[in-house]
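> build the 3D model from these lines:
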Amino acid sequence: MGAGASQEARRQERLLREQWEAARRQVRWSGAGGEGERRVLAQLLVLTARGWRLLVGRSGTGDLVLAGPGGVFVVRVDDRAAGGGPRDGDAAGLLAATRVAESVVASLGMSPVAVQPVMVLAGQSLDRGLGRIRLLGEQQVGPVLLAQPRRLRAESVRAIADHLERVLPGCEGLVLEEGVTPGDGRQGAPDGLFGLDGLREAALEGARREPIEQWMTFLHPDQVALVRRNWSGPARISGPAGTGKTVVALHRAAHLARRTTGRILYVTFANNLPRVQSTFLRTMAPAVADRVDFRSLHSWAQEFLQERGVPVRLNGDKSETAFSLAWKDHGRESRLVQIDPGPAYWREEIDYVIKGRGLTRFEEYAAVVRKRRRAGLHRTQRQSVWELYEEYEARRHERGVHDFNDVLSLALAEVSKEGGAPPYTAVIVDEVQDLTLVGVRLLHALVSDAPNGLLLVGDGQQTVYPGGFRLTDAGIDIRGDRGQVLRTNYRNSKQILDAALAVVADDAFEDLDGEPTPGRRDVDLTYHDGNVVRVAVPTVDAHDPELVEALRALPGDALADTGLLCPSRRAREHYRRLLARAEIPVCQLDQYDGNPVDAVKLGTYRRAKGLEFKNVFLPRYDDEPPIGTPGTDTARERAELRRSQLFVAMTRARDLLWLGRVAGPSTPQR
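As a prediction, this is how the structure comes out:
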C-alpha cells in the first residue's frame, strides 16, 4: 500500500471513530431504551452518514426502519444479556411490522424483496437465519448492512424514506448530527419530493448502469402488483421477448417463499439456468433462498425417482443405438424417406409428438394434431412412424435403458400415485414452451389446481425445440385474469428489436393457449439507446479478425457484460479456440453461475435462453447449411425453427447487437 493510500485509510478510520462517538453522545439523550439498544442505535446512526435514512418511533423505542443502498430493513433490537434467542412474540411482531413496511414500499411500485426483517441481539455475536428473519449480533449489524449489494440509488432511498416517514404512524427521521462526510451519497439529490414517476425512472436508469447480473433481477415498478397477486388456480404469464417474464417469476418465487412455509420448485428445461437463477435469488432474498429449489426438469425427475426407489437407467448412447437399428430395419426403406430421408426428423417425431405427448396407442397418434410440425402425415404414413416407434421401443427394452422421455413418464406415474406428490407449496415453470406435454402434466400434478400453486411462464415465439401443445391438452385451464400478457419491452431498443422481428416477421405461430399470433407483434418500448452493427465481409478468413477487433474495441470492463452466441456446438468450439488465441477471456455458458465474471460469455443460442447481455455478438449468424431437401415441408419447418432460435439470440442484446456474416459476390444481403 502506498503512502497516500495508507494516509487515506488512517483518515477514514479516524473519521469513523469520530462518527461513532458522536452517535453515542446523541443517543444518550434521544430517549432510546437500555444500554444495548443505545449501542445498536449508535451503529445505525453512523450509517446515516453514508447515504442511509433511519426512522425511529418518537418515543425512541419500538421497531426501527432503515432505508439505504442495500434496501429497506425493519430492525428490532432484543436488549438482553448475551445468550439465548429472540423472546417469544418478538419474531411475530417483527414480521407483522415488516408486512406493513412492504405494503408502503409496494405502493411506490418497489419490489417487495427490497424489504427485509432484521433482529439484532444486543451483547451477542452471530449471523444466522430464523426463517425469513436475519438474526445479527450487535457487532455484526453495521458491517452486514453496509455489505449488502446495492439495490437502490440515492434518489430512490430519499423518496422511499420520505414516504415511509409520512405513512408509518409515530415514526420520524433520525440523522447523525456530527461528522457527516461530504459526498455521502445524499448530495446531488433533487430538492423537494422525488415523485413517483421520477422514482421509477431513476430506478430503471440506475439498474441499467449496473452490471448485467443486477439488471437481470430488476423488477420494474409496474410489475410489482403481478408478483403479489393471488390466483385462484394455475396461472400463466406470457409476452414477447424482453418484457421481464423471468424477472417476475424470480420475484414471485421470493414472494411466495416469504408468504408460505412450504418449499417452492422453480423449474426450467435448460440445465444451465437453475445455477444462474439460484444465484440471483440468493442475492435478492437471501433469507428465503434455501426454500426455493432451482432445477432443470429432467434432473429433478431423476432425483425424485431415485428417492422413491424407482430404478432409472438413462443412457443416451444406447438409446441412440437402439433408434439407429430401428431406422435401419423400419425406416430407411419405408415411405417415410419420401417425406424426409434423414432419420433426425423421425427421431424428433417420436421424442416430441409420440413419447413427448405420452401417446401409447396408434389410434391416439393417428388422431393427434401435430403442433408446429409442417409436414402433413396421412394415416398410412403415421402407421409407418408407429412401426418405427415400436421397433425403437423394442430395441431399447432389449438394452434395458431409458431415454429422457421415459424419465418424465416414470415420474408422472409415481406422482400420480396416492400420496406420491412431494410437498411443494408452489411450482414455477420458466420457458414452459420448451417442455413436452408430459413434462407439463408432471409439474401440474405436483400441485394440481391449488390457489397460487402453478405458474407457467413463457412465450411460444421463443420456442427452440420442435413440436408443441396446448395447455388444455395438459388439463390446465387458465381462466379470466389468470392469464397475464406482458406488453412492455424493458430490454431491447427499437433498433435491436426491429432487426430481430425482421427475422420472424413472416412466421405466425400458435401460442400455448391456441391463439394464432403474427410473427411481428406490437410492444411498448422503454429503451431507445441500443445499436445494431452489421459487418459483411467477402471471405471467411476476413470475418474472424473483424470479430476480434470489435471485441477489443469495447470500452472498459464491457467484456463482463458481453455474450458471443453461436448456432451450434461446432461453431461454439471454433470461437472458443479463436478467443483463446486472441487472449480474450472466456466463460462458457455451461459453467456460468450468475456471478459477475470479467470475460466474454460464450455459448449456443439455446444456452442463452433466459439470459441477457448488454452486448451480443452473433458471428456468421446465417452460415448454418440447410438440413433436408430444399423446398420440402420438413425443410421449411427446420428453417422456421432456426429463425426462432436466431430471434432468441438477437433479443438477448440490450445495448449492442453485432451481426457478422460472409457476403460473397453471390450472397445477397439479409
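
> from here on, contacts and neighbour counts on C-alpha atoms
Noted.

> identify the residues contacting the helix or strand where H397 lies?
H397 is part of helix 379-399 when elements are defined by DSSP states H and E. Under the criterion Cα atoms under 8 Å, 6 or more residues apart in numbering, residues 318-319, 322-323, 325-327, 330-331, 334-336, 346, 350, 362, 365-366, 402 lie in contact with helix 379-399.

> among those residues, which lie within helices?
Of the contacts of helix 379-399, the ones assigned to helices by DSSP state H are 318-319, 322-323, 325-327, 330, 346, 362, 365-366.

> can you give me the strands in the stretch 551-670 of the chain?
Using DSSP state E, counting those that start in this stretch, the strands of the stretch 551-670 of the chain run over 562-566, 586-588, 600-604, 613-618, 653-662.

> winner for burial among these?
strand 562-566 (a mean of 27; mean count of other Cα atoms under 10 Å).

> circling back to that earlier point, export the strands of the stretch 551-670 of the chain to JSON lines and tack on mean pLDDT and distance to H251?
Output for these, formatted as JSON lines (pLDDT from 0 to 100; distance: least, Cα to Cα, whole Å):
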{"stretch": "strand 562-566", "mean pLDDT": "97", "distance to H251": "24"}
{"stretch": "strand 586-588", "mean pLDDT": "97", "distance to H251": "26"}
{"stretch": "strand 600-604", "mean pLDDT": "97", "distance to H251": "25"}
{"stretch": "strand 613-618", "mean pLDDT": "97", "distance to H251": "20"}
{"stretch": "strand 653-662", "mean pLDDT": "96", "distance to H251": "21"}
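
> how about the ones you listed, which one is nearest L435?
strand 600-604 (18.5 Å; Cα to Cα).

> residue ranges with poor pLDDT in the stretch 501-650 of the chain?
The stretch 501-650 of the chain contains residues with pLDDT under 70 at 624-629.

> quick one, helices of it?
Counting by DSSP state H, counting those that start in this stretch, the stretch 501-650 of the chain has helices at residues 540-552, 569-581, 633-650.

> and whichever helix or strand comes after the helix holding H397, what other elements does it pack with?
Reading on from helix 379-399 to the C-terminus, the next helix or strand found by DSSP H and E is helix 404-416. Applying 3 or more Cα pairs under 8 Å, 6 or more residues apart in numbering; DSSP states H and E, one finds that helix 404-416 contacts helix 297-307, helix 437-447.

> tabulate those helices (JSON lines), appending distance to P234, mean neighbour count and mean pLDDT.
Output for the helices and strands packed on helix 404-416, formatted as JSON lines (distance: least, Cα to Cα, whole Å; neighbours: other Cα atoms under 10 Å; pLDDT from 0 to 100):
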{"stretch": "helix 297-307", "distance to P234": "18", "mean neighbour count": "17", "mean pLDDT": "96"}
{"stretch": "helix 437-447", "distance to P234": "8", "mean neighbour count": "23", "mean pLDDT": "96"}
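
> any chance of the ones you listed in JSON lines with distance to A536 as columns?
Output for the helices and strands packed on helix 404-416, formatted as JSON lines (distance: least, Cα to Cα, whole Å):
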{"stretch": "helix 297-307", "distance to A536": "40"}
{"stretch": "helix 437-447", "distance to A536": "41"}
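
> so which of these is nearest Q223?
Taking the helices and strands packed on helix 404-416 one by one with Cα to Cα, helix 437-447 is closest: 24.7 Å.

> and the helices in the stretch 1-150 of the chain?
Remark: helices assigned in the stretch 1-150 of the chain by DSSP H, counting those that start in this stretch are 3-28, 35-47, 90-107, 141-146.

> which residues touch the last one?
Which is helix 141-146. So helix 141-146 is contacted by 40, 43-44, 47, 70, 120 (Cα under 8 Å, 6+ apart).

> mind doing that once more with 10 Å?
40, 42-47, 50, 52, 66, 68-71, 73, 75, 118-121, 125-127, 135-136 (Cα atoms under 10 Å, 6 or more residues apart in numbering).

> list the buried residues for it?
Neighbour counts over helix 141-146 (16 or more other Cα atoms under 10 Å) mark 141-142, 145 as buried.

> pLDDT on it, on average?
Helix 141-146 shows a mean pLDDT of 83.

> pull it out as CSV, backbone CA atoms only.
The C-alpha coordinates for helix 141-146 follow below in CSV (Å, rounded to 0.1, in the frame of the first residue of the first chain):
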residue,chain,number,x,y,z
VAL,A,141,-25.4,-5.3,12.2
GLY,A,142,-23.4,-2.3,10.8
PRO,A,143,-20.9,-4.3,8.6
VAL,A,144,-23.6,-6.6,7.3
LEU,A,145,-25.9,-3.8,6.2
LEU,A,146,-23.1,-1.9,4.6
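
> which is the next helix or strand following it?
Counting by DSSP H and E, the next helix or strand C-terminal to helix 141-146 is helix 154-167.

> for that following helix, packing partners?
Applying 3 or more Cα pairs under 10 Å, 6 or more residues apart in numbering; DSSP states H and E, one finds that helix 154-167 contacts strand 53-57, strand 64-68, strand 71-78, helix 90-107, strand 171-174, helix 196-209.

> pLDDT on that helix, on average?
The model assigns helix 154-167 a mean pLDDT of 83.

> how many residues are close by F647?
Neighbour count of F647, defined by other Cα atoms under 10 Å: 24.

> next one, pLDDT for V267 please.
So V267 comes in at 97 (pLDDT).

> list the contacts of it.
Neighbour list for V267: 273-274, 293-300, 427-432, 443, 456 [criterion: Cα under 10 Å, 6+ apart].

> excluding residues flanking it in the chain, which one is nearest G439?
Nearest residue to G439 in three dimensions, chain neighbours excluded: L408, at 6.1 Å (Cα to Cα, 6 or more residues apart in numbering).

> can I get the strands of the stretch 551-670 of the chain in TSV with distance to F280?
Shown next, in TSV, are the strands of the stretch 551-670 of the chain (distance: least, Cα to Cα, whole Å):
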stretch	distance to F280
strand 562-566	18
strand 586-588	18
strand 600-604	17
strand 613-618	15
strand 653-662	19
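
> just the buried residues of helix 141-146 now: which is nearest G356?
Nearest to G356 among the buried residues of helix 141-146, with distances taken as Cα to Cα, is L145, at 48.7 Å.

> residues contacting E349?
E349 neighbours (Cα under 10 Å, 6+ apart): 343, 355-356, 370, 373, 385-386, 389, 466-467.

> ditto for L554
562, 615.

> and it, how close does it get to L44?
Going from L554 to L44 by Cα to Cα, to the nearest Å gives 41 Å.

> cool, P149 as well?
Separation of P149 from L44 (Cα to Cα) stands at 18 Å.

> these two: which is more packed in?
Taking neighbours as other Cα under 10 Å, P149 and L44 compare with L44 leading, 25 against 13.

> hmm, the more buried one is touching R53, no?
Yes: here L44 reaches R53: they are 9.1 Å apart, a contact under Cα atoms under 10 Å.

> can you pull the buried residues of stretch 582-594?
Buried residues in stretch 582-594, defined by neighbour count with 16+ other Cα under 10 Å: 586-590, 592-594.

> same check, this time on stretch 280-296
Those would be 280-281, 283-296, for stretch 280-296 by 16+ other Cα under 10 Å.
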